[in-house]
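In: sharing a sequence plus its predicted fold:
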Amino acid sequence: MTKETTTYDNMPCALCKTPLTDSNATKEHIFPNAIGGRRKVNWFICIDCNSRTGNKWDAELVRHLRPFCTLLGVKRSSGANQPFAVEGIDGKGLRYHPDGSMSLAKPVCEIKELDGKIKVNIKARTFKELESMIPGIVKKHPKLSRDKLLQLATRSKEPSSWFRGELTFGGVEAGKSVIKTCLAMLYRCGLDIDQCEHAQSYLFEDGEPCFGYFNMRDLVRNRPRQSFFHCVWIRGDSLQKQIVAYVEYFGVYRIIACLSSKYAGADFSCGYAIDPVTGKDLGLEVDIDISSDEIRRIYDYEMIASDITQTAVGALLDTWVELDRQRAKNNAINHAINHALSECGVPSIDMLTSENTLKFCAVVAKSFTKWAFPELRD
């Protein structure tokens, strides 16, 4: 059962209860677009709530998951994966970019004057950024000039490819995004979200979190190998009078949420899973067989095994290492080709002549060799 229709004028927004109309109803991603979500639900929330929760709840969830999105190259329906902060092995702040390159986290400007001499240490990420810094430097240090600073400027090596970072997940705002995903899935299945008293309390009344982490056994019956998927599954249990949800992100973070413990309807099960790297839906089978006692223990952080989480993260990082090497190889090839074209004085390969083709090949080979065999660099 779904609510994929536009004949629900005056139905209330699921969050603020404002009547929905053609002018204020919106399509809400079940999983945020920024982490690879594709499927949407219509007539669920209003435009204002979509914007407010997107900028607050979803943005915080995305902040935690951004490293995975960028490292794996998540396929988004709109927008691009964003760089994220890491720390180089020398302790300096860096930014890891979607193409596998790294840059300084911020520009450096250190100018010291001693015994009438000025020592300048300026590092910018781009030439344009350097040019924008110079007027302020010259104003503060009149002995320096724009031409002199540009004359001294050199292109530094890219930061080392080795870095370290910290993975975090959780918090109130990110948790609310998780529960909103559960309610969106429930609504898309044609069910009444107002019966989810625990979810309502957490989202709107600053109630206790109605979820916790669980990986003591695998609830996904047909878990695919090397697929770092997202899934949300909802089960209504008339015997235990519960509506329980299971949410998973990238195969790493696995969450159980009890949306209601007063459910009086019929049994049901519905869900959705997607591979965010390919953008394809997955036909998973999820068995949410969780007792009330287990839910209590989940809330008390007693049902999470750190070694299972570490194994899942390790599998993801192994995949990233291979992807990163391929990205670096592609970057090196493109750089070698563009450098060779510049040396030959032509804008594209199809404009090479028989006279400069050999030069082009030699420059490409020399440039690419420096990447393939870094020990040969000057």
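Out: In hand now; what should we look at?
In: in the stretch 251-378 of the chain, which spans are helices?
Out: Ranges of helices in the stretch 251-378 of the chain, per DSSP state H, counting those that start in this stretch, are 292-299, 306-344, 357-372.
In: so how far is the first one from its chain's centroid?
Out: What separates the centre of helix 292-299 from the centre of its chain is 30 Å, taken as Cα atoms, centre = their mean, to the nearest Å.
In: pLDDT below threshold where in this protein?
Out: Scanning the chain for pLDDT under 70 picks out 1-10, 152-163, 374-378.
In: in it, which residue is most central in space?
Out: Centroid-nearest residue in the chain: R66, 2.6 Å away (criterion: Cα atoms, centre = their mean).
In: grab the nearest non-local neighbour of that one.
Out: Nearest non-adjacent residue to R66, counting by Cβ to Cβ, 6 or more residues apart in numbering: F84, 4.8 Å away. No exception for glycine: its C-beta is placed from N, CA and C like everyone else's.
In: from memory the one you found sits against G93, does it?
Out: No. If you go by Cβ atoms under 8 Å, F84 and G93 don't touch, sitting 11.4 Å apart.
In: give me the more crowded residue out of the two.
Out: More neighbours surround F84 than the other of F84 and G93, with 18 against 11 (other Cβ atoms under 10 Å).
In: ok, now which ones touch the more buried one?
Out: Residues in contact with F84 (Cβ atoms under 8 Å, 6 or more residues apart in numbering) are R66, P67, T70, R95, Y96, G165.
In: turn those into CSV, including distance to I234 and secondary structure.
Out: Putting the contacts of F84 into CSV (distance: Cβ to Cβ, whole Å; DSSP: H, G, I helix; E, B strand; the rest coil) gives the following:
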residue, distance to I234, secondary structure
R66, 27, helix
P67, 28, helix
T70, 30, helix
R95, 38, strand
Y96, 35, strand
G165, 33, coil
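In: show me which of those residues are buried.
Out: Buried by 16 or more other Cβ atoms under 10 Å: R66, P67, T70, R95, Y96, out of the contacts of F84.
In: how much space between G207 and I298?
Out: Distance of G207 to I298, computed by Cβ to Cβ, to the nearest Å: 17 Å.
In: also F360?
Out: Distance from F360 to I298, counting by Cβ to Cβ: 62 Å.
In: and these two? which has more neighbours close in?
Out: The neighbour count for F360 versus I298, taken as other Cβ under 10 Å, is higher for I298 (21 against 18).
In: ok, now how distant is that one from F214?
Out: Going from I298 to F214 by Cβ to Cβ gives 5 Å.
In: so what's in contact with those two at the same time?
Out: With contacts taken as Cβ under 8 Å, 6+ apart, the residues that reach both I298 and F214 are I256, I290.
In: picking up where we left off before, residues contacting the residue nearest to the centre of the chain?
Out: Listed by Cβ under 8 Å, 6+ apart, the contact set of R66 reads A34, N81, Q82, F84.
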